[in-house]
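In: quick check, what structure comes out for this input:
(3 chains)
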Amino acid sequence: MSCGSLIRKVLMVAGIGAFVFASQKAAAQEETVRSKIAAAIVMPDEEGRIAVVLDLKKNPSPEIVGWLDKWKEGLIFMYEAEDGSIVPVLMGDKIEGTRKIAIRKLSDDAPVVDGTGNQVGVTKFELDLADTSSSLRKAMREVSDLAALADPDVEKRIKAIENSSVGQRQDKLPGLLELQKIETNSKANKALEQAIAIINLRSDDKAKRLAAAEFLGNRGSLPAFDLLKTIALESKKSGDKEMEKAALLAVSRIEMHISRINAAGTLFRGVSSGSVLLVVAIGLAITFGLMGIINMAHGEFIAVGAYTTYVVQNVFASGLRLSPFGQSFEIPGLGLTGTGMSLYFVVALPLSFLVAALVGLLLERSVIQFLYRRPLESLLATWGVSLVMQQLFRLTFGPNNVQVSSPLWLSGNWTVNDVVFGWNRLFVIGFALLIIVATWLVLNKTSLGLLIRSVMQNRNMAACMGVRTERVNMLTFSFGCGLAGLAGAFLSQISNVGPSLGQNYIVDAFMTVVVGGVGNILGTVISALGIGMADQSLQQYLGNPVIGKILVLFGIILFLQWRPQGLFVTRSRSLD
Amino acid sequence: MKKKPFLLAAEGINKSFDGFKAINDLNFYLTEGELRTVIGPNGAGKTTFLDIITGRTRPDSGNLEWDTDHDLLKLNEYEIYRMGIGRKFQTPTVFSDHTVIENLLLSMAGPRSIWHSLFGRVTAAQKERLAEILETIKLNTQAYRKAGELAHGQKQWLEIGMLLAQEARLLLVDEPAAGMTDEETYRTGELLLSLAGKHTIMVIEHDMEFVRQISQGRTVTVLHQGHVLAEGPVEKVQSDERVIEVYLGRKSKAA
Amino acid sequence: MNKAPAASKIRTPLLIAMAVFLVIVMPVLNVAGVIEDFTLNVWGKYLCYAIMAVSIDLLWGYTGLLCLGQALFFTLGGYMMGMHLMLMIGKLGSYNSDLPDFLVFLGHTKLPAIWQPFYSFPFAMLMVFLVPGILALIFGFLAFRSRIKGVYFSILTQALTYAAALLFFRNELLMGGNNGFTDFRTLLGANLREAPTQRILYIVSAILLVAVVAGCKWLTSTRFGLIQRAIRDSENRVLFSGYATANFKLFIFVLCAMIAAAAGALYVPQVGIINPGEMTTERSLEAVVWVALGGRGTLVGPVLGAVSVNALKSWATRAYPDMWLLILGGSFVLVVMFMPKGIIGIPAQVRALIAKMKNRGANSRQPVTTKQDAEVTEP
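Out: Numbering: from 1, shown residues only, chains lettered A, B, ... in the order given. The predicted model follows:
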């Protein structure tokens, strides 16, 4: 340090530092964070700098964090002014026509000028860095942590609160207690309580330690889990029975909380993967369950829906070039962006239903109508159809997966009481609910539904009553296929879209319907949720999705030993 | 030889389907060699009762004893069959893709094991018996025709022939006259009568003319709502007021 | 007395002609240079498929059990043979280790215990039959005990196959994961890459096929055959004739699993590779297509179907690779709808059509099949 700084130190100590600053004509105004940090930097010795930095704690503003970081990262430089005083500066822009860089004062962002009023330029390595030592950095971290606690953004503030308990340092406590007095956000308050308790686990006051352990146990605090375990061990060594007991109790409570979280998470994932099954199987529950048609091409109808979504998405964007059978043609795009684009899914949903229903109608008229009452034959014929459809997808859209972008909002999540609810899974559940309600409404509240139910219950009787059973068959099959199409639109949002998309779901879909009891929609719902739940629980327990899946399949085979007719037996005369 | 009072004894049998009581505290006894006719309006539980005897349906409660020391409720369909209980279904149920003689061969009394089905030979005695049955059911000229090609009445007889081949002790015959011409009905009656004594027979029937023909003073049981309403000779039953009310009153054609 | 209807029976002279052609004529022509080694090898593959097709027909055409798991049994047999073949590679593999390459790759230094006995050829042969047989026994026992039949049986066998394929794709099973087994060298000391070895394998396949067809011919002519077809047409009636139908079905199911497994075991050394891709339901269904196309419920049909569809496939996948699945799928739909008796049934169908033309109007509509009706109208 130069002699100038020595003088200043004396002045500072003499308590006239303010005068010096003022005389520097930079900051006649009130002290800003910047000016304070600048003041700290120019302090002649370590203790002084630390003292000034720690002084920032009196008025912790979130701004502090950024400036201290700059200091730490070596972005603040020391410029020796003409009068010999040291000025902390920041590097600015290049000065036109020179190779020098303009500098600005840290304290007030004013450009540094020489005696003649010309801007001062420096070369890169001309200036010294404002140095930091480890004890200074420690002080800076302390101040930063405290300042972060004052961050107006609640999420950041909570993060800071959680950080402040790391290391369980007693000196963090006052700041937290201060904050607790003024904090109004309930989430932040909870975090505060937890952080304070965690620090209190290392309190000198045993009563406080015991209370903290109890509090954390009751709270089911996840970050305190390992700390409490350590404390239990230490207390055991030191023979502090009371503390050991309290810590162990808290640990066991947290363990319970963790298992509850896991259970809730598994339940949620189970419901959501059950919902996927349900959406995939509901169409099959209609064609297979109600009509007795074994539609092996069901998976391909799902793919029809997914590809429809893909086409709609591209039409909304920049268009699409397809080349089936070597014939290339182009579908023009609307070139939408932003909100217009994000609405594509709303259009794709009904369209995928309609397209799949239409293809279903064609299939019913050309093949299925000849195969009623011949379930095995319908199985074989529709498998042939599924081969043809898969190949058509390949020829039209290429053998690889196509890109269907899912909206951003599907990637967020929502945490309640330590349980994470992903938006995509919530979307899945919501969609399943929607489809179930819609199907129920169609079957129970429309005249088509009445016809469907009458034909399925007693074909001959319905025919005698003048119901055109052939038409009802046609519409029912087409409705089931439409639902498969909807499932496809839905799956396009959460998985890959490719020619063999349907193949991945067909076995699961059949299992779901068989377990639920053929001909029973409610059974399908329950079995889908049950299988989804079993699948997720086994996955959680075994940590291996494939083995879990295999076990579920064997579980289903065993289940059918117990109830060969599925969960709900429907007295149907159409199937033996 | 110990005396066997009843060949079949059903006591306190109950069975309901979705809340509907098909069989309600049914008590029914059959002695060896008897030809019993069971009548009753639609939904009286006649076919359900046969289903219970043959193990097709399990009752909710009750006892079903065979030959005094076998509990039929513990056995399944083919075990009950092997006890010597044969059933002719209401609609002729024959193997339509098999020839008449193959149908009979399949029903032939004898071991039922896989081994025997692979390596067992048809004995001379069995061949004789087959010819005899073909004679009895008047299908000897049709022996090598597919059963599916037979006329309705002939299918009915073939099915009775299958019961004979089985050498069943108890023949359960469900509406043998259904869908038959008068001529065929009469000949069916003759056939059943000729079997009475050699076999125990239980006939379920709607056609009162036919019932009169085969009962000939033998006991007739009237079922109503899954319960025995009356029992006795056909004339007595027909004059029973309760029977007239529930049965004849409702189904005047049957009178 | 025990005569099965002529339609579902292969005549002895035809069987002998088939045997002579496949077992003697083809190999002789090969030795004479008329048939290329490659062609004979391809035919060996077809014949293995034909054996599997016969097993499917015995289940489906004769017993009414549409099993979508025959490819699983076929592949399992192949895997058992493959394990032996893998060990026979010895130190010739790329890692020059006694262990099969994939095990070295997975970091194994010792041969896992289950692999050990497969050094013995007789043991491997025993396993070819036992493993699929026991799986079929357990699955069949459970399925038939709870009276799962018709499409439910199909769907469950489909699920079984699916589950097994998932399992075999795993490396943990120590069955080579999705690469399976390949790069075989010798079998019983004979070099698999030499034509004479392949010719012998072809002959063995042909003999096995003839033996299986002859065996099925005998089986279907016994009373067992009668019961089999009776179960197909009206299982309940069979039950009410005193037969424990579940046992009969179990017997035929296990037998067919073993037949398919034997075919798979012969297939592997001829093709030189086995992997879980062969185990899928699609493969089973494809084999069902052969049977349906050839004519189910007959013994020539499946053989005819397997050979002709596969020959067509070999040609079409090269000539029109994009069209093959369209052809296969499309023809399958047409066969199911219009030719329920397959190629074998065409003459009869044509005769019926001519007869119908002659007395047009006399009986206007004849349903294609009436099998289901018997079952449904039963009380």
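
In: mind giving me the packing neighbours of the helix or strand harbouring B:Val237?
Out: Per DSSP states H and E: B:Val237 is located in helix B:234-239. Under the contact criterion of 3 or more C-beta pairs under 8 Å, 6 or more residues apart in numbering or on different chains; DSSP states H and E, helix B:234-239 touches helix B:208-215, strand B:219-224. All C-beta spots, glycine's among them, are computed from the backbone N, C-alpha and C.

In: what parts of chain B come near chain C?
Out: For chain B, the residues in contact with chain C (C-beta under 8 Å from any C-beta of the partner chain) are B:47, B:54, B:77-78, B:81-82, B:87, B:89-91, B:93-99, B:101-102, B:105-107, B:112, B:114, B:116-120, B:122, B:127, B:146, B:148, B:162, B:166, B:174.

In: burial count for C:Leu188?
Out: By other C-beta atoms under 10 Å in any protein chain shown, the residues close to C:Leu188 number 10.

In: list the buried residues of stretch C:145-155.
Out: Buried residues in stretch C:145-155, counted by 16 or more other C-beta atoms under 10 Å in any protein chain shown: C:146-155.

In: for the closest residue to chain A within the stretch 101-250 of chain B, which non-adjacent residue is spatially closest?
Out: Shortest the stretch 101-250 of chain B-to-chain A distance, computed as C-beta to the nearest C-beta: residue-wise this is B:Gly148, at 17.2 Å. Once flanking residues are discounted, B:Gly148 sits nearest to B:Ser96: 2.9 Å by C-beta to C-beta, 6 or more residues apart in numbering or on different chains.

In: strands of chain A, start to end?
Out: A:76-80, A:86-94, A:101-105, A:121-122, A:128-129, A:320-322, A:329-331, A:413-416, A:419-422 (DSSP state E).

In: wait, which of these is closest to chain B?
Out: Closest among those, using C-beta to the nearest C-beta: strand A:419-422, at 41.0 Å.

In: run through who's touching the closest one.
Out: A:261, A:264-265, A:268, A:412-415 (C-beta atoms under 8 Å, 6 or more residues apart in numbering or on different chains).

In: so can I have JSON lines of the strands of chain A showing distance to A:Ile158?
Out: JSON lines is the format used below for these (distance: least, C-beta to C-beta, whole Å):
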{"stretch": "strand A:76-80", "distance to A:Ile158": "30"}
{"stretch": "strand A:86-94", "distance to A:Ile158": "31"}
{"stretch": "strand A:101-105", "distance to A:Ile158": "34"}
{"stretch": "strand A:121-122", "distance to A:Ile158": "42"}
{"stretch": "strand A:128-129", "distance to A:Ile158": "34"}
{"stretch": "strand A:320-322", "distance to A:Ile158": "46"}
{"stretch": "strand A:329-331", "distance to A:Ile158": "49"}
{"stretch": "strand A:413-416", "distance to A:Ile158": "11"}
{"stretch": "strand A:419-422", "distance to A:Ile158": "16"}
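
In: JSON lines for those, including distance to A:Leu176, mean neighbour count and mean pLDDT?
Out: Converted to JSON lines, the strands of chain A look like this (distance: least, C-beta to C-beta, whole Å; neighbours: other C-beta atoms under 10 Å in any protein chain shown; pLDDT from 0 to 100):
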{"stretch": "strand A:76-80", "distance to A:Leu176": "29", "mean neighbour count": "18", "mean pLDDT": "83"}
{"stretch": "strand A:86-94", "distance to A:Leu176": "31", "mean neighbour count": "17", "mean pLDDT": "81"}
{"stretch": "strand A:101-105", "distance to A:Leu176": "35", "mean neighbour count": "20", "mean pLDDT": "82"}
{"stretch": "strand A:121-122", "distance to A:Leu176": "43", "mean neighbour count": "18", "mean pLDDT": "79"}
{"stretch": "strand A:128-129", "distance to A:Leu176": "33", "mean neighbour count": "12", "mean pLDDT": "78"}
{"stretch": "strand A:320-322", "distance to A:Leu176": "58", "mean neighbour count": "14", "mean pLDDT": "77"}
{"stretch": "strand A:329-331", "distance to A:Leu176": "61", "mean neighbour count": "10", "mean pLDDT": "77"}
{"stretch": "strand A:413-416", "distance to A:Leu176": "22", "mean neighbour count": "9", "mean pLDDT": "73"}
{"stretch": "strand A:419-422", "distance to A:Leu176": "26", "mean neighbour count": "16", "mean pLDDT": "75"}
